[in-house]
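>>> just a sequence and a predicted model for now, questions to come.
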Amino acid sequence: MSDDQPNVIALLLIGLVGLAVAGGFAVFGFTTLARHGIRHAKRETVLRGFAGLAAAAAAAMYVWGALHLVKDESMTTEACRAAVGRAHAADITGSDVSYLPLHLNCHVRGAGSYAAAVPEYVNPAVLGLALTAVALGVFAAFASELRARDNFRKEKAS
């Protein structure tokens, strides 16, 4: 089986950078929420804090999925055999790795490709959490802009 094994250096960088990013966003989210308390904070502060936590969760989920790609050749072969089943195990022609989205693709002669190793929930969860973080950040920016406009109108009227 001709394999394109995951690049160990790339996976190490994904792990280290991903955990640093997840930690940074988590610290940002928790400190933003803790600064005023959730009940007493302004709407944009709460949105900004939860956007940071969603971004941290997305980064951590991506790292979790990337950890499943850390396999040697025999483990990759076994993962492919398990993914394609007994009927196609002898027809495996190779595998390749995709980092965005995370996949270990096992190629079977005449039957296409099968996803292996990375749990099925990882990529949808990363996408959902990342979109949630972006949406919350945009809503926080709009809330902040609306508050600034209201304050300007009040100052102008005075």
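The structure has been received and is ready for your questions.

>>> could you use CA atoms for every contact and neighbour count after this?
Noted.

>>> can you list the buried residues in the helix or strand containing H103?
If you go by DSSP states H and E, H103 is part of strand 102-108. For strand 102-108, burial by neighbour count (16 or more other CA atoms under 10 Å) applies to L102, H103, L104, N105, C106, H107, V108.

>>> ok, stretch 17-26 next?
G18, L19, V21, A22, G23, F25, A26.

>>> so how far is it off the chain centroid?
Distance, stretch centre to chain centre, for stretch 17-26: 11 Å (CA atoms, centre = their mean, to the nearest Å).

>>> just stretch 146-158 next, same as before
39 Å.

>>> quick one: mean pLDDT for it?
The average of the pLDDT scores along stretch 146-158 is 83.

>>> which stretches in the chain count as strands?
For the chain, the strands defined by DSSP state E occupy 2-3, 92-99, 102-108, 112-116.

>>> against which helices or strands is the last one packed?
Judged by 3 or more CA pairs under 8 Å, 6 or more residues apart in numbering; DSSP states H and E, the packing partners of strand 112-116 are helix 73-84, strand 102-108.

>>> list the buried residues of the first one.
In other words, helix 73-84. T76, T77, A79, C80, R81, A83, V84.

>>> contacts only, for the first one.
Taking CA atoms under 8 Å, 6 or more residues apart in numbering as the criterion, T76 is in contact with A117.

>>> now do it against W64, distance only.
17 Å (CA to CA, to the nearest Å).

>>> now for L129: which residues touch it?
L129 touches A54, A55, A57, A58, counting by CA under 8 Å, 6+ apart.

>>> separation between it and L136?
Taking CA to CA, one finds L129 at 10 Å from L136.

>>> dump the strands of the chain into JSON lines; add mean pLDDT and distance to T45 as well.
Listed next are the strands of the chain as JSON lines, based on pLDDT from 0 to 100; distance: least, CA to CA, whole Å:
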{"stretch": "strand 2-3", "mean pLDDT": "46", "distance to T45": "48"}
{"stretch": "strand 92-99", "mean pLDDT": "83", "distance to T45": "33"}
{"stretch": "strand 102-108", "mean pLDDT": "86", "distance to T45": "33"}
{"stretch": "strand 112-116", "mean pLDDT": "81", "distance to T45": "40"}
